[in-house]
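Asker: predicted model follows, preceded by the sequence.
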Amino acid sequence: TRDTHQVAYSKDLLNNRIPKMSEGLFLGLDCSTQAIKLSVIDRDLKEVEEFNSVSSVTFESLGDEDGPFLCRGKSGELSVTTPTRLWLRALDKLLQNLKEKNFPFDKIIAISGSGQQHGSVYWANGMKERLNNLSSEKSLYEESLNWFSIDQSPIWMDSSTHSQCLDLEKLMGREELAKSTGSTAYERFTVNQIKKFAEEKPESLKNTGEIALVSSFMASVFAGKLVPIDYADASGMNLMDLHSKKWNPKILQWASPKGENESFVADRLMQPILAHSVVGNVSEYFVKRFGFSKECKVIAFSGDNPCSLAGVGLTLPEGEVAVSLGTSDTVFGPLLHPHPSDEGHVFASPIVPEGYMAIVVYKNGSLTRQWIRDEYADSSWEKFDEILKNSKVGNDQKIGFYFKEAEITPHAPPSIHKFDSEGKSINEFPNPADNVRAIVEGQFLSMYLHCSQIGLVGIKRILVTGGASRNTQILQVLADVFGAEVVSNTQPNSACLGAAYRALHGFVCEEKKSFVPFDQVVSDVVHSRNTISPNKESHAVYQSMLKRYEELEKKVISKK
């Protein structure tokens with residue numbers, strides 16, 4: 001069935017704040033794990049679809065001149081990086097494609113963006129002066145030859161900092177670390193990557209002028225100057241104190257190379273800022289090369305999960321959560337009173353300055369489902385869906401754990417575990433196609449279990465986004481596991497769309513010279529959505545499996 005859902009905004013507010021800009025547009029950019037893409041909305045929050053055919057560039061399509069876009073370390077190292085300059089090549093290509101289609105860059109009033117969370121960028125010394133003096137005759141890629149002190153950016157898939165995480169928890173205490181930063185120590189979180197470089201590449205870190213996340217890196221490129229990280233994305237670093245919204249001084253000192261002064265890392269990290277902050281106008285480079293207006297505002301970029309929260313199109317009430325089914329799977333919901341624990345994360349909200357968001361993240365998301373598709377469904381999503389549709393709910397009590405990558409929730413090394421209906425470990429199911437249902441059911445049973453442990457309980461409605469949000473068979477299992485209505489937006493790129501909404505929100509706040517609630521800015525948008533209702537009998541089956549699933553999960557992670 002279809003329904004329409006309205007998200008709240010005052011059109012009068014915009015009519016009063018954007019004089020003589022009836023054709024004004026707002027641009028949201030998303031630099032994700034596998035591609036860079038954009039969404040454009042007009043002042044009425046309608047998406048401009050005219051340029052959809054050239055609105056994304058995959059990193060794989062650019063070849064491996066700089067190395068593969070997912071560059072893995074030697075066996076056992078668990079490092080995963082992306083060549084930093086590859087992101088600039090992709091941005092060059094995206095903007096050039098748009099230019100060739102006569103995209104109206106001059107109509108863009110404000111731009112914001114989303115970056116894959118936790119990925120870090122290391123600007124070389126001297127970049128403060130260089131970024132605003134680029135030649136518009138050259139591409140960003142050509143200009144960026146010596147921009148970075150470390151040319152490979154660790155990304156969220158990296159799991160190589162286990163020893164640093166242990167050191168950090170020893171320094172702070174596990175409970176105190178979660179209380180201060182919103183999370184216990186995680187390998188992908190940025191301060192642990194910084195500490196690793198301090199130990200292994202101290203000279204490179206000394207040659208670093210500013211440390212950025214993917215989000216603030218892209219914002220800096222557009223603004224032509226180094227800009228700070230926003231509160232929401234800074235929450236995924238194990239470094240920002242959630243309450244003061246400042247870097248934790250004890251952790252800053254810990255992350256510095258041996259023999260360096262206590263302010264070493266602090267000198268390379270501007271204090272974080274509000275997500276709706278204007279960080280500047282677009283630089284002259286973009287004005288001359290692509291025709292942007294010199295008045296176009298750059299709003300602080302944020303992380304993909306915070307931007308997805310904004311892109312869902314409303315401030316979520318109690319009883320609702322959002323699920324992003326992408327390269328990683330993520331569950332998130334709003335909180336006014338954070339209670340960080342061993343489970344999941346608590347981040348600052350990107351849209352409510354005094355608010356927070358709870359997040360549970362799974363590294364094994366769509367790429368792991370795709371791997372199962374390739375292994376057991378002839379590389380066909382149609383066959384994958386057919387198997388899922390025609391197989392028995394509950395898989396006759398067979399359960400699988402598919403950690404193709406080192407898993408975050410729960411902590412587990414790369415490994416595959418399969419159990420028969422009696423809970424005995426087996427190498428393979430009697431019917432190999434059972435892996436299709438096993439991976440989908442296992443992923444969502446895990447979500448249900450870990451959401452309840454972080455306080456996201458009583459869920460009645462789930463808003464779904466991400467690439468797999470278009471797959472009704474997968475969504476039916478999600479609805480049945482949670483016993484909740486699942487609503488999928490027909491626009492799956494919520495991080496992109498959320499960035500565009502945030503561009504508008506930041507612009508309105510700047511024009512009004514004070515904070516305007518997000519839900520007063522984003523409105524009169526009618527999202528076309530698909531709604532899937534849970535099957536009560538199927539929900540009962542999954543409820544009966546939960547205890548056994550939890551016991552098997554504990555058994556699996558005890559083997560690590």
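Answerer: Nice, I can see it.
Asker: look up phi and psi at Asn431.
Answerer: Dihedral angles of Asn431 (phi, psi; degrees, to the nearest 10) stand at phi -110, psi 100.
Asker: just Ala110 next, same as before
Answerer: phi -150, psi 150.
Asker: let me know the secondary structure of Arg323.
Answerer: Wrong residue type there; residue 323 is Val, not Arg. Recorded secondary structure, Val323: strand (DSSP: H, G, I helix; E, B strand; the rest coil).
Asker: how near is it to Leu478?
Answerer: Here the criterion is Cβ to Cβ, to the nearest Å. By it, Val323 lies 7 Å from Leu478. (Each C-beta comes from the backbone N, C-alpha and C, glycine too.)
Asker: relative to Leu131, how far out is the closest residue to Val227 other than its chain neighbours?
Answerer: Spatial nearest neighbour of Val227, excluding adjacent residues (Cβ to Cβ, 6 or more residues apart in numbering): Val279 at 4.1 Å. Applying Cβ to Cβ, the value for Val279 to Leu131 is 12 Å.
Asker: likewise for Val227?
Answerer: In terms of Cβ to Cβ, Val227 sits 10 Å off from Leu131.
Asker: shared neighbours of those two, which are they?
Answerer: Ser220 (Cβ atoms under 8 Å, 6 or more residues apart in numbering).
Asker: when those two are compared, which one has more neighbours?
Answerer: Val227 (26 against 22; other Cβ atoms under 10 Å).
Asker: residues touching the more buried one, list them.
Answerer: 216, 219-220, 270, 279-280, 298, 300.
Asker: mind redoing it with 7 Å?
Answerer: Going by Cβ atoms under 7 Å, 6 or more residues apart in numbering, Val227 touches 216, 219-220, 279-280.
Asker: can you pick the most crowded of those?
Answerer: The contacts of Val227, ranked by neighbours (other Cβ under 10 Å): first place Ser216, 32 neighbours.
Asker: excluding its backbone neighbours, what's nearest that one?
Answerer: Counting by Cβ to Cβ, 6+ apart, Ser216 lies nearest to Ile229, which is 4.5 Å off, once chain neighbours are set aside.
Asker: hang on, that neighbour packs against Phe217?
Answerer: No: judged on Cβ atoms under 7 Å, Ile229 makes no contact with Phe217 at a distance of 9.5 Å.
Asker: between these two, which has more neighbouring residues?
Answerer: Ile229 (32 against 29).
Asker: about what we covered before: mind listing the shared neighbours of Val323 and Leu478?
Answerer: Common neighbours of Val323 and Leu478 (Cβ under 7 Å, 6+ apart) are Ile462.
Asker: surely Leu445 and Val481 touch.
Answerer: Yes: in this structure Leu445 lies within contact range of Val481 using Cβ under 7 Å: 6.0 Å.
Asker: okay, these two: which has more neighbours?
Answerer: Just comparing Leu445 and Val481: by other Cβ under 10 Å the higher neighbour count belongs to Val481, 27 against 22.
Asker: from Arg373, how far out is the more buried one?
Answerer: In terms of Cβ to Cβ, Val481 sits 20 Å off from Arg373.
Asker: what about Gly333, which SS state?
Answerer: Assignment for Gly333 (three-state DSSP): strand.
Asker: pLDDT score assigned to it?
Answerer: Note on Gly333: pLDDT of 81.
Asker: same check, this time on Ser114
Answerer: pLDDT, Ser114: 97.
Asker: so which elements touch the helix or strand Arg373 falls within?
Answerer: Counting by DSSP states H and E, the element that carries Arg373 is helix 366-376. If contacts are counted by 3 or more Cβ pairs under 7 Å, 6 or more residues apart in numbering; DSSP states H and E, helix 366-376 sits against helix 434-454.
Asker: buried ones in the helix it packs on?
Answerer: 434-451, 453-454 (16 or more other Cβ atoms under 10 Å).
Asker: quick one: that helix to helix 366-376, angle?
Answerer: Orientation check (axes from the mean of the first three to the mean of the last three Cα atoms, to 10 degrees): helix 434-454 against helix 366-376 gives 160 degrees.
Asker: can you name the element that comes right after helix 434-454?
Answerer: With secondary structure assigned by DSSP H and E, helix 434-454 is succeeded by strand 461-465.
Asker: strand partners of that next one, parallel vs antiparallel please.
Answerer: strand 320-325 (parallel), strand 485-489 (parallel) (DSSP bridges).
Asker: ok, residues contacting it?
Answerer: By Cβ under 7 Å, 6+ apart, strand 461-465 touches 308, 311-312, 319-325, 475, 478, 482, 484-489, 492, 494.
Asker: CA atoms of that strand as CSV?
Answerer: In CSV, the C-alpha atoms belonging to strand 461-465 read as follows (Å, rounded to 0.1, in the frame of the first residue of the first chain):
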residue,chain,number,x,y,z
ARG,A,461,7.0,2.3,13.2
ILE,A,462,10.3,2.0,11.2
LEU,A,463,11.3,4.5,8.6
VAL,A,464,13.7,2.8,6.1
THR,A,465,16.2,4.3,3.7
